[in-house]
Structures are given as structure tokens and as C-alpha cells.
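Asks: here is a sequence with its predicted model. Questions after.
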Amino acid sequence: MGSFQYHLLSTCGQTDSNWVETASAVHKVVDNFHIREKTAAARDLLLYVDELLHRGVPASKLVINDRIDVALARGLAVQLAYHSLPIQDVKKTWPDIRTGVSVHSVDEAREAADGGADYVFFGHVFQTGSKPGLEPKGISALEQVVNHCPIPVIAIGGIKPHHVPLIQQAGAAGVAVLSGVMGAADPQAAIQAYKEEELT
């Protein structure tokens with residue numbers, strides 16, 4: 001696997017069986033799969049995790065959005081949102097848990113890094129249907145965050161295959177994709193379309 005990372009997120013809009021099936025099919029060609037089911041109870045999230053593990057998705061590739069309890073129950077990574085526990089508290093209590101933080105500015109990225117985050121998601125970089133009416137941050141803002149953040153920055157938000165070279169040139173460590181792969185008729189072909197755009 002190349003050094004440019006691909007993070008795939010469940011979309012909260014598909015049926016459970018659909019996104020579990022997709023994750024099982026493409027996990028070998030992505031670096032991480034994020035379970036981001038905001039309305040799911042902890043018990044349900046644990047069932048999703050166990051189903052993915054049963055289907056052969058490595059625990060090392062699974063990331064739980066927000067719910068540290070679920071992540072800890074199976075030794076997984078966690079992605080913190082604005083409403084989650086602060087990164088400082090997470091790392092103080094569980095220093096070994098791999099933790100990403102979703103950020104929207106240089107200051108937030110620096111704070112996450114200072115708090116011990118392993119990487120950050122920055123966005124939304126491009127226009128996306130999941131953030132209607134909100135102006136995208138753009139490539140220049142992404143570059144600013146990369147230049148002022150000492151940990152890997154993953155770009156998220158409206159990312160299409162042709163955006164990959166721009167994101168690489170901005171210095172980001174990778175991309176996080178939702179509907180571009182999860183909503184595709186052929187998810188494996190869709191993720192390959194992103195990889196084919198990478199600068200060599």
C-alpha cells in the first residue's frame with residue numbers, strides 16, 4: 001500500500017447490510033474503515049464491529065466515530081468529533097488508543113496535535129451534499145493546516161478522484177471518502193479510480 005492514505009466512511013444513509021458488505025469487499029485496498037453511524041447505540045456498533053471482524057476486516061483498519069467505549073471494547077481506533085470527549089482527556093486516560101480528531105481550522109488542528117492526536121481530518125475541502133449551504137474550505141485552507149500541523153492531515157469533504165493530485169500537492173497525508181465509494185455501483189472500481197489519479 002502506498003504512503004497516500006485512503007479512509008473510507010460508512011455513510012449513515014445506507015442499510016447496515018449494504019455498508020457492511022461494501023466495507024468487507026474493499027478493506028484490502030483502503031487504509032482505514034470508519035464506522036460513523038451517528039444514531040446507532042453502542043450495542044449495535046459492537047455488532048457491526050464483530051460482523052466486520054468475522055468477515056475478515058482487520059481490527060487495525062477499523063475506526064469508531066465518537067464512541068470510545070466501543071473502540072476500547074474491541075481494541076480499535078477512535079475518531080473524535082467536535083462533540084466528543086476532548087483529545088487531551090482521551091490521551092491522558094487511554095494513551096495507547098490511536099485517535100484522530102476532526103478539525104476545521106489551523107487552530108483546531110494545532111490544539112489536536114498538542115493534545116496528542118495521531119492525525120486529523122480537515123474539511124470540508126470541497127462542496128458536498130452532506131454539508132448543504134456551507135462554504136467549502138478549499139485547497140488553500142488545507143495547505144495552511146498541513147503547513148502548521150505537525151501530524152498527518154487527512155482531507156475530507158466532496159472529494160472526487162480528480163481532486164487527489166491537488167490534495168497531494170497541498171501536502172495532505174490522504175483522503176477520507178464517503179459517497180464517492182460507498183454510493184458507487186462498483187465500490188472497488190470507485191476506489192481504484194481515486195488511486196489511479198495519484199501523482200507518482
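Replies: Ah, there it is.
Asks: which parts of the longest helix along the chain are buried?
Replies: For the chain, the helix with the greatest residue count under DSSP state H is helix 42-54. Under the neighbour-count criterion of 16 or more other C-beta atoms under 10 Å, helix 42-54 has 45-46, 48-49, 51-52 buried. Heads up, the C-betas are built off the backbone N, CA and C, glycines and all.
Asks: which residues in the protein form helices?
Replies: Going by DSSP H, the chain shows helices at 16-26, 42-54, 68-74, 87-93, 106-114, 139-148, 164-169, 179-182, 187-196.
Asks: ok so, going back, which helices and strands does the longest helix of the chain pack with?
Replies: helix 16-26, strand 32-35, strand 62-65, helix 68-74 (3 or more C-beta pairs under 8 Å, 6 or more residues apart in numbering; DSSP states H and E).
Asks: direction included, what does the third one pair up with?
Replies: Which is strand 62-65. Looking at strand 62-65 with DSSP bridges, its partner strands are strand 32-35 (parallel), strand 77-80 (parallel).
Asks: export the ones you listed to a markdown table and tack on mean neighbour count and distance to residue 122?
Replies: Shown next, in a markdown table, are the strands paired with strand 62-65 (neighbours: other C-beta atoms under 10 Å; distance: least, C-beta to C-beta, whole Å):
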| stretch | mean neighbour count | distance to residue 122 |
| --- | --- | --- |
| strand 32-35 | 23 | 15 |
| strand 77-80 | 24 | 13 |
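Asks: any figure for the gap between the residue lying closest to residue 66 once chain neighbours are set aside and residue 190?
Replies: Spatial nearest neighbour of residue 66, chain neighbours left out: residue 84 (4.9 Å); criterion: C-beta to C-beta, 6 or more residues apart in numbering. The gap separating residue 84 from residue 190 is 29 Å, by C-beta to C-beta, to the nearest Å.
Asks: residue 58 touches residue 30, doesn't it?
Replies: No: at 11.2 Å, residue 58 does not count as touching residue 30 under the criterion of C-beta atoms under 8 Å.
Asks: between the two, which has more neighbouring residues?
Replies: residue 30 (23 against 11; other C-beta atoms under 10 Å).
Asks: any low-confidence regions in the chain?
Replies: 1-2, 12 (pLDDT under 70).
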